[in-house]
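Student: the sequence and its predicted three-dimensional model are supplied below.
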Amino acid sequence: MRFPASFQRLAWSNLLAQSAEQIGLAAAPLAAVFALGASAVDVGLLQSAQTLPFLLLSMPFGVLADRRSRRTLMTLAECARALAMLCVLLLVLSHALTLPLLALLGFLGATGTVAYNVAAPALVPALVERAALPAANGRIELARSVAYSAGPALGGLLVGWIGAGWAYGCAAALSALAATLLAGLHEPPRTRAAARHFLVELRDGARFVARDALLRPMLATAVFFNIGFFILQAVYVPYAAERLGLGASAIGVTLGAYGVGMVCGALAAPAVARRVAFGRMLLIGPFCGLAASLAMVATLAEPSFWLAASSFFLLGAGPILWTVGSTTLRQAVTPAHMMGRVSALNSTATYGARPLGALSGAAISAHFGMGPCLVAAAAGFVVQAWIIVMSPAARLAVVPDTVLST
C-alpha cells in the first residue's frame, strides 16, 4: 500500500526516534556502571528517572496535543531529546558527567519520548484515509519493533566500540534527523475546540473513555496485560538461572525471542488485518499473552529453554497485533479534538500498570517464592483475556465509524 508523503515522513521519523530512544536507554546503565561506577541501586534510580515522565507527563502532553499543532509538539520533543543526548556527549568529553546529571538528562530525553509517543497516534488519522489506518499503524509498529529489537544490542555495541559518550552522540544525530523530517511534514489544519481549564480538559478525556463501551474494556485489558507481564518480568531472570538452569547467554536468547516476536507480529499485522474480522484481531494479542503465561507456568513441571523462549516470542508477537488493532480502534471512535488526551490516557494507564506489576512480582516472590509469582502472572493474563472476550469490541466485524456509548 502506498502512503501519502506526509505519512512517509512520519514513519521514517518514528523509526529514527525509536532507535535513538533505545540506544539511549541501552547506553545509560552502561555509562553509569562503567564510567561512573554506579551500584545496582544507582542504576535502578537512573532507570526510574527515565520512566517517570511517562507517568507524570503523558496527560499534560495529551492536552497540548489537542490544543496545538501535533507536528510542532513532536518536532520540539525530538529536539529536546537530541539536546539532552548531545549534553551527555559533551559532559563525557569534558569529564564532567555525574550520575545526577545523567539522570536529569535521561528525564529530559524521556520527556521528549512521551510527547512524541502521545502526539504520533493522534496525528496518523489526519495523514491517511480511515481504511488505511490498520496498515499505517502496522507500519508504525514495525518501526518500533525493529528499534526495540536492534536498539539495545546496537547501543551496547556502540558503547563497546566508541564509548558511551559517542553512543549518545549517535542517538542525538538520529533524533536530529527525526526532527528534520517532522519539520517538513504537512499537518492538515483541524478545528480546535476552545481551550478551557487544564483539569477540565483532562476530566473530559477520562470521562469519554470511561463512558465508551469500546474504549473502556480496551483500556482495562491493557492494564491487566501489563500487570501480568511485569509480574513475570520481575522474577524471570533469577527464575531462569535457578530453576531452569540457564546461563547468562541462554537467558539473553530467551529474552531476545521477545524482540523477534515483535518483528514477526508487526510484519504479519497488515495481512492479518485484511483476512480476519477486526474483533477477532483484537483477541489475538490477549490470548497470545495468556498462552505465553501458561507456557511459562509449564516450566514449573518441565524446566525447558524452549518453553521459556516460546513464552517470550508469544509475548512479543501477539501484543503487536493488539497494539495495531487497539490504536486503530481509538483513532476510529475518538473525536479529532480529543485524540491526544485519549492517547495519553492509554499511555498513562499502561505505564502506570508496569511498576504495579513489578512491585507485585517482587512482593509475591519475597513471601511465597518464584513459582507462585508465575501463577499470579498467569492470573493477570486470564483476567485481561476475559475482559476483551466479554467486550463488544470482540464482536466487531470491521473498524467502527462512530463512537459507541454505554
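Tutor: Sure, I can see it. What you are looking at is a predicted structure, and each value in this text was computed from that prediction instead of being measured.
Student: CA atoms for contacts and neighbours, from now on please.
Tutor: OK.
Student: got a list of what F381 touches?
Tutor: F224, F225, G228, F229, P286, G289, L290, S293 (Cα atoms under 8 Å, 6 or more residues apart in numbering).
Student: wait, the fourth one sits on A377?
Tutor: Yes - counting by Cα atoms under 8 Å, F229 does reach A377; the two are 6.6 Å apart.
Student: which secondary structure elements does the longest helix along the chain contact?
Tutor: Counting by DSSP state H, the longest helix found in the chain is helix 5-36. With contacts defined as 3 or more Cα pairs under 8 Å, 6 or more residues apart in numbering; DSSP states H and E, the packing partners of helix 5-36 are helix 40-67, helix 99-127, helix 133-162, helix 164-183.
Student: L246: which of the ones you listed is closest?
Tutor: helix 133-162 (20.3 Å; Cα to Cα).
Student: how many other residues sit next to A257?
Tutor: Residues near A257, counting by other Cα atoms under 10 Å, number 22.
Student: and the gap between it and A377?
Tutor: 19 Å (Cα to Cα, to the nearest Å).
Student: need the three-state assignment for H186.
Tutor: Recorded secondary structure, H186: coil (DSSP: H, G, I helix; E, B strand; the rest coil).
Student: among the contacts of F381, which are located in helices?
Tutor: Those of the contacts of F381 lying in helices (DSSP H): F224, F225, G228, F229, P286, G289, L290, S293.
Student: quick one: which of those is most hemmed in?
Tutor: Counting by other Cα under 10 Å, top hit in these: G228 with 32 neighbours.
Student: quick check: that residue touching V375?
Tutor: No - using Cα under 8 Å, G228 is not in contact with V375; the gap is 9.6 Å.
Student: per-residue pLDDT, the residue lying farthest from the centre of the chain?
Tutor: Computed with Cα atoms, centre = their mean, the residue of the chain farthest from its C-alpha average is S94, at 33.7 Å. Note on S94: pLDDT of 91.
Student: just the angle between the longest helix of the chain and helix 40-67, please?
Tutor: Here the directions of helix 5-36 and helix 40-67 differ by 160 degrees (axes from the mean of the first three to the mean of the last three Cα atoms, to 10 degrees).
Student: would you mark the buried spots in helix 5-36?
Tutor: Within helix 5-36, the residues scored as buried using 16 or more other Cα atoms under 10 Å are 6-32, 35.
Student: now the helices and strands packed on helix 5-36 in a markdown table, with distance to S304?
Tutor: Converted to a markdown table, the helices and strands packed on helix 5-36 look like this (distance: least, Cα to Cα, whole Å):
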| stretch | distance to S304 |
| --- | --- |
| helix 40-67 | 29 |
| helix 99-127 | 37 |
| helix 133-162 | 23 |
| helix 164-183 | 36 |
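Student: need the CA coordinates for the helix or strand hosting M296. PDB is fine.
Tutor: If you go by DSSP states H and E, M296 is part of helix 278-298. C-alpha atoms of helix 278-298 as PDB (Å, rounded to 0.1, in the frame of the first residue of the first chain):
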ATOM      1  CA  PHE A 278     -11.500  -6.800  13.300                       C
ATOM      2  CA  GLY A 279     -12.800  -8.100  16.600                       C
ATOM      3  CA  ARG A 280     -11.000 -11.400  16.200                       C
ATOM      4  CA  MET A 281      -7.800  -9.500  15.500                       C
ATOM      5  CA  LEU A 282      -8.200  -7.800  18.900                       C
ATOM      6  CA  LEU A 283      -8.400 -11.200  20.600                       C
ATOM      7  CA  ILE A 284      -5.100 -12.500  19.200                       C
ATOM      8  CA  GLY A 285      -2.800 -10.400  21.400                       C
ATOM      9  CA  PRO A 286      -4.500 -11.100  24.800                       C
ATOM     10  CA  PHE A 287      -4.700 -14.800  24.000                       C
ATOM     11  CA  CYS A 288      -1.100 -14.900  22.900                       C
ATOM     12  CA  GLY A 289      -0.300 -13.300  26.300                       C
ATOM     13  CA  LEU A 290      -2.400 -16.000  28.100                       C
ATOM     14  CA  ALA A 291      -0.700 -18.800  26.100                       C
ATOM     15  CA  ALA A 292       2.700 -17.300  26.900                       C
ATOM     16  CA  SER A 293       2.000 -17.200  30.600                       C
ATOM     17  CA  LEU A 294       0.800 -20.800  30.600                       C
ATOM     18  CA  ALA A 295       3.900 -21.900  28.800                       C
ATOM     19  CA  MET A 296       6.000 -20.200  31.500                       C
ATOM     20  CA  VAL A 297       3.900 -21.900  34.200                       C
ATOM     21  CA  ALA A 298       4.500 -25.200  32.400                       C
END
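Student: which secondary structure elements does that helix contact?
Tutor: Against helix 278-298 (3+ Cα pairs under 8 Å, 6+ apart) you get helix 215-242, helix 305-333, helix 370-390.
Student: can you name the next helix or strand after the second one?
Tutor: Using DSSP H and E, the helix or strand that directly follows helix 305-333 along the chain is helix 339-368.
Student: closest to L99 among the ones in helices among the contacts of F381?
Tutor: F229 (29.5 Å).
Student: quick one, what contacts the closest one?
Tutor: Applying Cα under 8 Å, 6+ apart, the residues near F229 are G357, A377, F381.
Student: need the residues you listed in a markdown table (columns: pLDDT and distance to R144).
Tutor: What follows is the contacts of F229, written out as a markdown table (pLDDT from 0 to 100; distance: Cα to Cα, whole Å):
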| residue | pLDDT | distance to R144 |
| --- | --- | --- |
| G357 | 80 | 23 |
| A377 | 93 | 25 |
| F381 | 96 | 23 |
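Student: how about low-confidence regions in the chain?
Tutor: Filtered on pLDDT under 70, the chain yields the residue ranges 1, 40-41, 43-44, 47-48, 149-153, 156, 190-199, 248, 402-406.
Student: give me the domain ranges for it.
Tutor: 5-185, 205-395 (automatic domain parsing).
Student: any idea which of those gets closest to D401?
Tutor: Here domain 205-395 is closest among these (Cα to Cα), at 6.3 Å.
Student: end-to-end on the closest one?
Tutor: 25 Å.
Student: list the buried residues of the helix holding M296.
Tutor: 278-298.
Student: tell me how far the closest residue to A49 other than its chain neighbours lies from W161.
Tutor: Using Cα to Cα, 6 or more residues apart in numbering and skipping the chain neighbours, the partner closest in space to A49 is F107 (5.3 Å). Distance, F107 to W161, by Cα to Cα: 26 Å.
Student: my guess is S365 contacts C373, does it?
Tutor: Yes - shown here, S365 and C373 form a contact pair, counting by Cα under 8 Å, at 5.7 Å.
Student: I'm done for today, thanks for sticking with me.
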